[in-house]
Structure formats: C-alpha cells, structure tokens
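Engineer: next come a sequence and a model predicted from it.
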Amino acid sequence: MNDVRTLKPGLLALLALALTVALTGCMAPKAAGNNATNPADLPPFVPGDVTRGQEVFKTGCATCHGQDAKGMFGQGPDLVKQSKWLKKQNDAMLLKYLKTQHEPPLAKNMTATDETLRDAITYLRTIQPKK
C-alpha cells in the first residue's frame, strides 16, 4: 500500500513534466539557422481565400494562438505582435514552415492540406499591422 502512495506523486510529477514539455514546444518558431530555405528553391505560392482562411484559423490555429491570434499563454505565440518574424517569411517559406517545422505538428491539431494552409496564411497576412 505504501508503494502506491509514493507512486502517485511520482506519476503526477511525470505527467506535469510531460505536459510542460509538450506545451512549450509550440511557444515559438524554430530558428532557421542552417536550415534556412532559399525562397528561390520553393514553388510559387498561390494565395488562398481569406474567408476560408479565417474559418481555418478559428477552427484550428486558434486552439493555441487564440481567436484573435494574439496568443495563449503556455500554448501558442502571438501572431500579431510577432509580425516581424512573419514579415521575414514569404508565403512559400511560411507554408513550408507550417508543414515541416511547426510544433506541435499540425496533423495533431487539425486536418491541414496545402490548400487550407494557404488559406490560413492568406488570412494571417490580412491581420498583420500595416507598419
């Protein structure tokens, strides 16, 4: 019986650690570093539909980034204030990032196709500060 009582706090600590690691994984984009993509090597980006993109964002991305895209503490970063990073990415680079580097992988959060991601990126561009 004593073993069970000592196991419970250990399991709780392990679960808390696993949850913390999982949530902090989606806090910020991975640094480009040596894996930076040359935009010329990517296929041309075909803009998506803003209205569909807003729906994709609200039903998928907003789970971590918030309905207003201003982030949710411990889950996803602010996609409005982080616009400096976004502005450095052309749309093709952002599509590749979402498909290959986004944490957690999008497949766990939503059904993401190139079309739905292009729609979401096109919407995201419309909510960026104009400065």
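Structural biologist: In hand now; what should we look at?

Engineer: just name the shakiest helix or strand of the protein by mean pLDDT.
Structural biologist: Using mean pLDDT, DSSP states H and E, helix 2-24 stands out as the lowest-scoring helix or strand of the chain, at a mean of 47.

Engineer: for whatever helix or strand comes next after it, list every residue counted as buried.
Structural biologist: Scanning forward in sequence from helix 2-24 by DSSP states H and E, the next helix or strand is helix 50-56. Of the residues in helix 50-56, 50, 52, 53, 54, 56 count as buried by neighbour count, 16 or more other Cβ atoms under 10 Å. C-beta here means a position set from N, CA and C on the backbone, and glycine is covered the same way.

Engineer: residues contacting the closest residue to the last one other than its chain neighbours?
Structural biologist: The shortest distance from residue 56 to any residue other than its chain neighbours is 4.5 Å, reached at residue 120 (Cβ to Cβ, 6 or more residues apart in numbering). The contact partners of residue 120, by Cβ atoms under 8 Å, 6 or more residues apart in numbering, come to 48, 53, 56, 57, 60, 61, 98.

Engineer: what confidence value was assigned to residue 120?
Structural biologist: Here the pLDDT value assigned to residue 120 is 93.

Engineer: which element, helix or strand, includes it?
Structural biologist: Following DSSP H and E, one finds residue 120 within helix 114-126.

Engineer: list the buried ones in that helix?
Structural biologist: If you call a residue buried by 16+ other Cβ under 10 Å, then helix 114-126 has these buried ones: 116, 117, 118, 119, 120, 121, 122, 123, 124, 125.

Engineer: closest one of the residues you listed to residue 93?
Structural biologist: Residue 93 lies nearest to residue 121 out of the buried residues of helix 114-126, by Cβ to Cβ, at 10.1 Å.
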